[in-house]
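A.B. asks: Give me the fold of what follows.
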Amino acid sequence: MNGMAYLKPDAKQNRITITQFVLIIHSMQLGVSALSLPSDLARIGGTDGWIALFAGWLGSLAAGLIIVQVMKKHPTGTVVELVSRYFGRWLGRLSMIFFGVYATLYAFLILDRMVLLVQSWIMQQSKTYVLMLLFFIPAYMIVKGGVRVIGRYAEIVVYTSVWMLAILGVLLREGNWLHLLPVLKEGWLPVMNAVPTTILSFLGFEIIFFIYPNLEKKQHASLGVLIANTYTLCVYLFITLVCFLTYSPDEITQFNQPVISIFKILETRYVERFDIIMLTWYLLIISKTWIPSLYMSVYCMKRLFVAGKPGTYIAMLLGGMFLVTWIWNPDWNASSSALKWFSSFGFAIAYLLPVCLWCILSVLLRFKRWST
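C.D. replies: Residues are numbered from 1 along each chain as shown. Next up, the predicted model:
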């Protein structure tokens, strides 16, 4: 795909179906956080932590619907074109830098987390920057193909990963429903304390800012946001309940990635380490989280500098991630601290910015000067 096609989201070759729209949003939300979410909720909210997931779903749904309303003000362009149109060229350029930095950090931190998972569970003696190289070629090809290719990739990965949920459901036979009783044993306070964790776990729907103009039937965008967030809620709720039922209330807090550890229970005649197989396949699910972020970053860079092909920017970003990992070489604690810091940035982008844009545009468009 040439550079001009990247700058025309509504071009025919860039259009995506409502299914692809839904799955891209869902893919951005479901990443590495799913592996540690059950234990995080158990530490904060106890066995009632799963209730907080509904608050996270409601918050992400509301923010996603507001983003759709904002994008309706300029349906043929992304958020950076919208800002340029209504607030001027310089603020538009500032927004390109702002979203570009956010997307780059998002992609790097998720990729680094994925590599650390591979290192800690499968290849302990390998360097993280070496493992990172393994994912660069497929990421380069997918991002270079644009939104349509990313949408198709999300479809393939989601459809071929349904069996993982089925296998996880088998573990319900080992579960004890008494672990959840009594419900709200300590009141609503622990549940409310766990709400921020669930709100941050639903981050990723801000990709709507960049894929809305690619949607063929934009009148279905709000429905797509509802389906995507509800599907993410169902997956989060399912894996959380399975972990809560399988582990005791005290035992689950001792695991950093209980979703992976839980598969150690499964053993067959031919497969002893089923958890390694599940983690290996789950890498595909994580990849569809950071690859769309990389596309967002490339789009902003191409829009900012104009010159050059998308492939050049993709190579530059991937090369930069390799160098940062080689020099910094973050361990698990450093990665966790970086993700915790980044969560505040993500909350501002995904929840606060859409509300601010919607309020400002709602006022400005009441005046004839701004509405033309």
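A.B. asks: Next, count neighbours for residue 16.
C.D. replies: By other C-beta atoms under 10 Å, 24 other residues sit near residue 16. Glycine gets a C-beta too; all of them are placed from N, C-alpha and C.
A.B. asks: beta partners of it?
C.D. replies: For residue 16, the beta-bridge partners are residue 215 (DSSP bridges).
A.B. asks: ok, it touching residue 145?
C.D. replies: No: under the criterion of C-beta atoms under 8 Å, residue 16 makes no contact with residue 145, lying 12.0 Å away.
A.B. asks: ok, residue 171 touching residue 259?
C.D. replies: No: applying C-beta under 8 Å as the test, residue 171 and residue 259 come out as separate, 10.5 Å apart.
A.B. asks: More neighbours: which of the two?
C.D. replies: Remark: of residue 171 and residue 259, residue 259 carries more neighbours, 23 against 16, as counted by other C-beta under 10 Å.
A.B. asks: so who does the nearest residue to the more buried one once chain neighbours are set aside touch?
C.D. replies: Using C-beta to C-beta, 6 or more residues apart in numbering and skipping the chain neighbours, the partner closest in space to residue 259 is residue 35 (4.8 Å). When contacts are counted by C-beta atoms under 8 Å, 6 or more residues apart in numbering, residue 35 touches 117, 257, 258, 259, 260, 282.
A.B. asks: so where does the first one fall, helix or strand?
C.D. replies: Going back to what we said before, that points to residue 117. Under the criterion of DSSP states H and E, residue 117 resides in helix 89-121.
A.B. asks: Ok, the fifth one next?
C.D. replies: Taking DSSP H and E as the criterion, residue 260 maps to helix 258-261.
A.B. asks: again with the last one
C.D. replies: When elements are defined using DSSP H and E, residue 282 is found to belong to helix 274-305.
A.B. asks: Any buried residues in that helix, and which?
C.D. replies: 274-275, 278-279, 282, 285-304 (16 or more other C-beta atoms under 10 Å).
A.B. asks: so where is the stretch 1-150 of the chain shaky, pLDDT-wise?
C.D. replies: For the stretch 1-150 of the chain, residues meeting the criterion pLDDT under 70 lie at 1-7, 10-11.
A.B. asks: Give me the secondary structure label for residue 250.
C.D. replies: The three-state label given to residue 250 by DSSP: H, G, I helix; E, B strand; the rest coil is coil.
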